[in-house]
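K.L.:
can you look at this prediction? I've put the sequence above it.
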Amino acid sequence: MWCSRMALRRIQRVAAVPLTGLTSGALRKMSTLQRVYVTRQIPPEGLRILRESGRVTVDLWDSDDVPVPREELLQRVKGVDGLVCVLTEKIDAELLDAAGPNLKVVSTMSVGFDHLSLQELKKRRIRVGYTPDVLTDSVAELTVALLLTTSRRLIEATHEAKTGGWGTWRTLWLCGHELANSTVGILGLGRIGVAIAERLVPFKVKKFIYADVAPRPELAALIGAEYVSFDQLAERSDFLAVCCALTPETKEICNKSLFSKMKDTSIFINTSRGGVVNQEHLYEALLTGQIAGAGLDVTVPEPLPTDHPLFTLKNCGEWTDSSDSSPQHLRVLSLICPSGLVLVRVAEQERFLYDPWSCLANVISFWLLAPREDQYEVWTWGG
Ligand SMILES: O=C(O)[C@H](O)CO
């Protein structure tokens, strides 16, 4: 995901604070310019602010394609006053020791800060800047995109179309699950979770539920979400979006225990950090059909090796079970009868969304038992 200009401005501000915040007396006393190391080729307007401040010298790892190697980083940070980093750099005790006592501020151009050892930074009284908020819309959009891609099996369908797998129209082939009337669960309700839910409302989601370390009533009220236990979240969600930060408490919180409680029709989406998921357990859950599919924006490591087992699954990004229901198809069933082709549209029957066979049985029983006309619409065609 890309940081916006706003993110850049914010990080520039944060990085500049300890420098510009000095009194003029203190500045006069400075015998040398403060040194800042930037670990990635950040957009030029950010660098310009630092360079044109006249107060710092900037040393830059001048690449966006290759992260600065650890050994190089440990050398480069020696004696710096400020460090601008991104999420590929682990800012831990080793690095802070290598930097030494001059280091006063670390700014990371990221929303997540799990790569920073906050305890070590606090111990050394080093100020920290990060860029919350700036990716909220992007991540929410991406989550919805992943959710629809996975539940609607778009990648698998594209593959089939390209490789000749699309033989003929089949009743339930590549059918997905729809958001309408579903329960969407959010693990970790914050700005991003709310933004996701706001975007899903027009899809007619029936219920939003969330689990977190504690209820978040103000945020929950914005989307009418119900606070539930972690277990209930697993059991009730048709779609489960993981939005929590990676902390020691959330590390691999999505594991066998969670997946085993989820419905076999449910879709798992992770746009937070790969570390919140036990990938082996996820792989098993997908392989065995314990859950229907997973859409992953984040993994451990990133990128995943191309021969990683998750890439062998069709339902990671899409799913394989072609016996699942498609509400669009099931709402309009075709029955051949002597008088021609009859289309029967069953009136609002939410239950049908998830159970194709009861839907079929009900349509037939409607037909045979001549139910009230307001329960269905009939078009006859032919003689
Ligand atoms: O933490 C962040 O800023 C994002 O994950 C970057 O992609």
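P.N.:
Structure's in. What do you need?
K.L.:
look up phi and psi at the residue lying closest to A211 once chain neighbours are set aside.
P.N.:
In space, A211 comes closest to L233 once its chain neighbours are excluded; the distance is 4.1 Å by CB to CB, 6 or more residues apart in numbering. The C-beta positions use only the backbone N, C-alpha and C, and glycine is treated the same way. Per-residue torsions, L233: phi -60, psi -50 (degrees, to the nearest 10).
K.L.:
what does the one 10 residues further on give?
P.N.:
When read as degrees, to the nearest 10, the backbone of C243 gives phi -130, psi 10.
K.L.:
for it, give me the pLDDT.
P.N.:
With respect to pLDDT, C243 scores 97.
K.L.:
would you agree it is in contact with V184?
P.N.:
No - shown here, C243 and V184 do not form a contact pair, counting by CB atoms under 8 Å, at 11.4 Å.
K.L.:
next, count neighbours for C243.
P.N.:
When neighbours are defined as other CB atoms under 10 Å, C243 has 26 of them.
K.L.:
same question, E45
P.N.:
Number of residues near E45 (other CB under 10 Å) recorded here: 11.
K.L.:
elements contacting the strand or helix carrying it?
P.N.:
Secondary structure assignment for E45, by DSSP states H and E: helix 44-52. Counting contacts by 3 or more CB pairs under 8 Å, 6 or more residues apart in numbering; DSSP states H and E, helix 44-52 packs against helix 5-20, strand 34-38, strand 56-60.
K.L.:
which one of the ones you listed has the poorest average confidence?
P.N.:
When the helices and strands packed on helix 44-52 are compared by mean pLDDT, helix 5-20 comes last with a mean of 40.
K.L.:
residues from the chain in reach of the ligand?
P.N.:
Contact residues (CB under 6 Å from any ligand atom) of the chain with the ligand: M1, L87, S110, V111, G112, L135.
K.L.:
of those, which is the most crowded?
P.N.:
Neighbour-wise, the residues of the chain next to the ligand (other CB under 10 Å) top out at L135, 24 neighbours.
K.L.:
okay, the residue nearest to K204 when sequence neighbours are not counted and G167: tell me how far apart.
P.N.:
Excluding the flanking residues, the one nearest K204 by CB to CB, 6+ apart is A180, at 4.1 Å. For A180, the distance to G167 equals 29 Å [CB to CB, to the nearest Å].
K.L.:
who has more neighbours, the two?
P.N.:
A180 (12 against 8).
K.L.:
wait, doesn't that one sit right on F203?
P.N.:
Yes - shown here, A180 and F203 form a contact pair, counting by CB under 8 Å, at 6.3 Å.
K.L.:
got the contact list for the residue nearest to the spatial centre of the chain?
P.N.:
Residue closest to the average C-alpha location in the chain (CA atoms, centre = their mean): T271, at 1.7 Å. If you count contacts by CB atoms under 8 Å, 6 or more residues apart in numbering, T271 has them with V139, L142, T143, L146, I192, A241, V242, C243, D297, V298.
K.L.:
same list (those) but as a markdown table, adding secondary structure.
P.N.:
Output for the contacts of T271, formatted as a markdown table (DSSP: H, G, I helix; E, B strand; the rest coil):
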| residue | secondary structure |
| --- | --- |
| V139 | helix |
| L142 | helix |
| T143 | helix |
| L146 | helix |
| I192 | helix |
| A241 | strand |
| V242 | strand |
| C243 | coil |
| D297 | coil |
| V298 | coil |
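K.L.:
now those in a markdown table, with distance to L172?
P.N.:
Output for the contacts of T271, formatted as a markdown table (distance: CB to CB, whole Å):
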| residue | distance to L172 |
| --- | --- |
| V139 | 33 |
| L142 | 29 |
| T143 | 27 |
| L146 | 23 |
| I192 | 34 |
| A241 | 26 |
| V242 | 29 |
| C243 | 32 |
| D297 | 29 |
| V298 | 31 |
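K.L.:
so which of those residues is the most crowded?
P.N.:
Within the contacts of T271, A241 tops the neighbour count with 29 neighbours, counted by other CB under 10 Å.
K.L.:
pLDDT below threshold where in the chain?
P.N.:
Where the chain drops to pLDDT under 70, the residues are 1-31, 317-383.
K.L.:
show me where it has its strands.
P.N.:
34-38, 56-60, 82-85, 105-108, 127-129, 183-187, 207-211, 226-227, 239-242, 267-270, 293-296, 332-337, 340-346, 376-381 (DSSP state E).
K.L.:
give the contact list for G54.
P.N.:
If you count contacts by CB under 8 Å, 6+ apart, G54 has none.
K.L.:
residues near the closest residue to L240 other than its chain neighbours, how many?
P.N.:
With sequence-adjacent residues excluded and distances taken as CB to CB, 6+ apart, L240 is closest to G185, at 4.5 Å. Other residues near G185 number 29, with proximity taken as other CB under 10 Å.
K.L.:
which parts of stretch 84-94 are buried?
P.N.:
V84, C85, V86, L87, E89, I91 (16 or more other CB atoms under 10 Å).
K.L.:
so how far is the ligand from the second one?
P.N.:
Counting by CB to the nearest ligand atom, to the nearest Å, the gap between C85 and the ligand amounts to 12 Å.
K.L.:
the first one now?
P.N.:
For V84, the distance to the ligand equals 14 Å [CB to the nearest ligand atom].
K.L.:
again with the last one
P.N.:
The spacing between I91 and the ligand, counted by CB to the nearest ligand atom, is 14 Å.
K.L.:
adjust the sequence numbering to begin at 54 for everything that follows.
P.N.:
Let's use 54 as the start, then, which means that last one is I144.
K.L.:
does that residue touch L136 like I think?
P.N.:
Yes - if you go by CB under 8 Å, I144 and L136 touch, sitting 7.4 Å apart.
K.L.:
residues near A264, how many?
P.N.:
Number of residues near A264 (other CB under 10 Å) recorded here: 22.
K.L.:
could you list everything it pairs with in the sheet?
P.N.:
L240 (DSSP bridges).
K.L.:
just V158 next, same as before
P.N.:
As for beta bridges, V158 partners with G135, R180 under DSSP bridges.
K.L.:
number of residues surrounding it?
P.N.:
Applying other CB under 10 Å, we find 23 residues neighbouring V158.
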